[in-house]
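S.K.: Sequence and predicted structure, then a few things I'm wondering about:
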Amino acid sequence: MDRLKNRADFLRAARTTRRSVAGLTLEMCATPDEARKEDRIRVGFTASRKVGNAVARNRAKRRLRAAAAAVLPLHGKGGHDYVLVARTATLARVFADLLADLTAALKAAHGKRERMGETS
C-alpha cells in the first residue's frame with residue numbers, strides 16, 4: 001500500500017464514491033493514470049477537529065491505519081485510492097467492529113461502482 005499525501009488526491013476521492021458507517025467514512029476513487037502502479041492500493045487518513053483535540057485526532061488516525069493494514073489487503077482493489085475519515089465514534093468503537101465497518105464500507109463502495117458500470 002502507498003500513502004496519499006497530496007491535497008489534490010484527497011479532494012479527488014472526496015468528489016467520487018463515499019460510504020459512511022458507524023465508525024468511519026470511506027471515500028474512494030480510481031487512481032489517476034499518471035500515478036497508477038499495477039495492483040497498488042493508495043490510502044490516506046484524515047480527522048477533522050470535530051473528532052477532538054490533537055491527541056484524539058492522532059489516536060483516531062492510528063486506529064484507522066491499523067484497520068486499513070488489516071482489511072485493505074483482503075478487500076481493497078488495486079488501482080484505487082481510499083481515504084478513511086475518522087468520526088467521533090472511531091475513538092470509542094471496539095476494534096473488531098471498526099474492522100467490520102471498514103469491510104462493509106469497502107463492499108458497498110465497490111458494489112456501487114460495479115452497478116454504475118465503472119470498470120476502474
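M.R.: Noted; the coordinates are in hand.
S.K.: Now do the nearest residue to K77 once chain neighbours are set aside against A60, distance only.
M.R.: With sequence-adjacent residues excluded and distances taken as Cβ to Cβ, 6 or more residues apart in numbering, K77 is closest to H110, at 6.4 Å. Every C-beta, even on glycine, is put in place using the N, C-alpha and C of the backbone. Relative to A60, H110 is positioned 24 Å away (criterion: Cβ to Cβ, to the nearest Å).
S.K.: Now H80. Its backbone dihedrals?
M.R.: Backbone dihedrals for H80, given as degrees, to the nearest 10, come out at phi -130, psi 150.
S.K.: Test my guess that it contacts T31.
M.R.: Yes - with the criterion set as Cβ atoms under 8 Å, H80 and T31 qualify as a contacting pair; they are 6.1 Å apart.
S.K.: okay, and the common contacts of the two?
M.R.: Taking Cβ atoms under 8 Å, 6 or more residues apart in numbering as the contact definition, H80 and T31 share the neighbouring residues R42.
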